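>>> Fold the following, please.
(2 chains)
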Amino acid sequence: EAGVAQSPRYKIIEKRQSVAFWCNPISGHATLYWYQQILGQGPKLLIQFQNNGVVDDSQLPKDRFSAERLKGVDSTLKIQPAKLEDSAVYLCASSPSSYYEQYFGPGTRLTVT
Amino acid sequence: AQKVTQAQTEISVVEKEDVTLDCVYETRDTTYYLFWYKQPPSGELVFLIRRNSFDEQNEISGRYSWNFQKSTSSFNFTITASQVVDSAVYFCALRPTIQGAQKLVFGQGTRLTINP
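Coordinates of the predicted model:
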C-alpha cells in the first residue's frame, strides 16, 4: 500500500513570496491533516479535513495560510505571503477516520529567507 | 487543556543498553488515546503504538515495551538492547476520544542517539 505522498520535499523562498504544498493521502483515507513542525518541536495541527469539509482549523493563521481538499482526496496548503517564522517542516497525515492512528508523509521542509 | 511533556530533550547511550523515554500528559478528559511515534532522519513520523485510556496493560513488541500508568499520567517507552537503527526523535502524543476534531497533541520529542 502506498503511503502519504507530499511534494515538494524542499522549498526555499524569500519572505513575502507565496508557496504551495501538495499532499496525496493513502487511498480510501477520509481524514487528512496538515501539521507544522518547527525545528526542535513536536508537530502542531494546522487544519483537519473530513472528506472535503474542514473539521478543525483553529490553529491555522488564516490571514496568510489557506488549505483546500477538493473532491475529498488530494489537498493543497498555501502560504501567502510567507514570513521568516514560517520556516518549518509541513507534514501531511491521513487516517481512515478520525478514530484511527494517523499516517504521516515525509514532509516538506520550507526555508524562508 | 491537553498537554504532553517529554522532559528528556536528548538521550545518548551505547548500543545494547536499555533506554527508557519518559512521557507525562495532562488532560481533563476521562477517555483519551496515547501514542508514540518515531521520526528518523528521513523526517517521516512512523506510528509505533496506540493505547486507550481504559487499557492499562503494559505492552511488549519485540525490543519495545510501553508502561502506561494512569495514576501518574505517564506513558513511558522502553527500548531493550538498543541498536543504532533506533536512533531517531521519538514523540509521545495525546488525543481525546470525543467526536469531531481528533487533534493529536505532541510532546517536544526526545532525540535518541545510539552509539556503536
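>>> what's the burial count for the closest residue to chain B within chain A?
Closest to chain B within chain A is residue A:42: 3.0 Å, counting by Cβ to the nearest Cβ. C-beta coordinates here come from the backbone N, C-alpha and C atoms, glycine included. Residues lying near residue A:42 (other Cβ atoms under 10 Å in any protein chain shown) number 22.
>>> Nearest spatial neighbour of it, chain-adjacent residues omitted?
The shortest distance from residue A:42 to any non-neighbouring residue, by Cβ to Cβ, 6 or more residues apart in numbering or on different chains, is to residue B:106 (3.0 Å).
>>> Name the nearest residue to the spatially most central residue of chain A, ignoring sequence neighbours.
In chain A, the centroid-proximal residue (Cα atoms, centre = their mean) is residue A:34; its distance is 3.1 Å. Excluding the flanking residues, the one nearest residue A:34 by Cβ to Cβ, 6+ apart is residue A:46, at 4.5 Å.
>>> Within its local environment, how many residues does the one you found see?
Residue A:46 - counted by other Cβ under 10 Å - has 20 other residues nearby.
>>> Ok, residue A:67 next?
22.
>>> where's whichever strand or helix holds it relative to the chain centroid, distance-wise?
Taking DSSP states H and E as the definition, one finds residue A:67 inside strand A:65-68. Computed by Cα atoms, centre = their mean, to the nearest Å, the chain-centroid distance of strand A:65-68 equals 9 Å.
>>> Kindly report the same for stretch A:7-26.
On Cα atoms, centre = their mean, the centre of stretch A:7-26 falls 9 Å from that of its chain.
>>> first to last residue in it, what's the distance?
With Cα to Cα, to the nearest Å applied, stretch A:7-26 spans 15 Å between its terminal residues.
>>> contacts for it?
Identification of contacts with stretch A:7-26 by Cβ atoms under 8 Å, 6 or more residues apart in numbering or on different chains yields A:1-6, A:32, A:34, A:73-84, A:90, A:92, A:94, A:103, A:105-113.
>>> Quick one: buried ones out of those residues?
Applying 16 or more other Cβ atoms under 10 Å in any protein chain shown to these, the neighbour count classes A:4, A:6, A:32, A:34, A:73, A:75, A:77, A:79, A:82, A:90, A:92, A:94, A:103, A:105-110, A:112 as buried.
>>> rewinding a little: please give the element, helix or strand, for the residue of chain A closest to chain B.
With DSSP H and E as the test, residue A:42 turns up in no helix or strand.
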